[in-house]
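Engineer: please find the sequence and the predicted model below.
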Amino acid sequence: MNNLKKQLSILLAILAVICLAAAISLVIYRQSADRHTEELLDSMRLQAENRTETVEDTSPPEDTGTESESESSQEPPRKLVDNPYQDSFLANEDMAAWLKIDGTVIDYPVMWTPREETYYLYRNFEGRDDQNGCLILDTDSSLDPVTTNLIIHGHNMRSGAMFGKLTEYEKESYCKEHNIITLHTKECERRYEVIAVFRSQVYKKTDQVFKFYKFFHADTQEEFDDFYQNIKALSLYDTGVTAEFGDRFITLSTCVYHVENGRFVVVAKEIEPGNFYTN
């Protein structure tokens, strides 16, 4: 009997050592993956910083003296510049855009995989395992053509990575300091201004409530009003930004835990676009 107890104790000790070693290995692996991903992202950010010079100017049509009044009153051609994230777009065709909010840690590629929306949920830009995952553009959103609302999902990481600091927008003062969101697409730089900040959740299909994550198109005034009035009513404070039918939006969403399947949401309205990019 004593021998059996001794053998059982030895077996339990061995199992404990194995479990401890596995836990330590997992921590080391995750730390290594995090370092690799951050080094990769830093390299991509540096490439973007180095691609800032103008490479092309569009020229107006030659003046023949015969243009009509409507032609002569057209806006001057836009200046085209090199896309700062061109190398990143070329490195992975799944990259839909680059999201950046100045003065925050949000400075990441946005992946779009209609064939499998969650592919990058726990993978980095290279497709390698990573608990942080990537920012993901909802498969029902589109940049070509652009849908009324672009929804971007990201993990609420304790480290602050991805959307781990998004809940800072609960503070009105923080929002005022970081109210502009920039989305670099293949074609142009899109700028947005925060219009609403609120907490919500993923509801049951049968729940007859406003579901922010179901809004992608506003083909009618009624569809627009339903979205606009609800986000304004839910907003934690008045941002002072208004919108009207025809405007486009970007919605940033991350998990929070005030309720089951809780979500923290920042909605911004597209304002005057920035640079247009060469192909």
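Structural biologist: Great, that's in hand.
Engineer: for Ala243, the count of nearby residues, please.
Structural biologist: By other Cβ atoms under 10 Å, the residues close to Ala243 number 20. C-beta here means a position set from N, CA and C on the backbone, and glycine is covered the same way.
Engineer: over to the one 5 residues further on?
Structural biologist: Number of residues near Arg248 (other Cβ under 10 Å) recorded here: 17.
Engineer: any idea of the pLDDT on it?
Structural biologist: pLDDT, Arg248: 97.
Engineer: check Lys6 too.
Structural biologist: 72.
Engineer: that one looks like it's in a strand, true?
Structural biologist: No: the assignment for Lys6, made by DSSP: H, G, I helix; E, B strand; the rest coil, is helix rather than a strand.
Engineer: helices of the stretch 151-279 of the chain, residue ranges please.
Structural biologist: With DSSP state H, counting those that start in this stretch as the criterion, the stretch 151-279 of the chain has helices at 172-177, 221-234.
Engineer: contact partners of the last one?
Structural biologist: With Cβ atoms under 8 Å, 6 or more residues apart in numbering as the contact definition, helix 221-234 has outside contacts at 148-149, 195-196, 198-200, 210, 212, 215, 217-218, 243-246, 267.
Engineer: so which of the helices of the stretch 151-279 of the chain comes closest to Arg35?
Structural biologist: Nearest of the helices of the stretch 151-279 of the chain to Arg35, taken as Cβ to Cβ: helix 172-177 at 28.5 Å.
Engineer: and the closest one, what's buried?
Structural biologist: Tyr174, Cys175 (16 or more other Cβ atoms under 10 Å).
Engineer: and the helices of the stretch 151-279 of the chain, which is most packed in?
Structural biologist: Per-stretch averages of neighbours, counted by mean count of other Cβ atoms under 10 Å, single out helix 221-234 among those, with a mean of 16.
Engineer: returning to that earlier point: what's the closest of the helices of the stretch 151-279 of the chain to Leu137?
Structural biologist: With Cβ to Cβ as the criterion, Leu137 lies closest to helix 221-234 of the helices of the stretch 151-279 of the chain, at 18.2 Å.
Engineer: near Trp112, how many other residues are there?
Structural biologist: 22.
Engineer: just His258 next, same as before
Structural biologist: His258 has 10 neighbours, counted by other Cβ under 10 Å.
Engineer: roughly how far apart are it and Val209?
Structural biologist: 16 Å (Cβ to Cβ, to the nearest Å).
Engineer: same question for Phe198.
Structural biologist: 13 Å.
Engineer: out of the two, which sits in the busier spot?
Structural biologist: With neighbours defined as other Cβ under 10 Å, Phe198 and Val209 compare such that Phe198 has more, 20 against 9.
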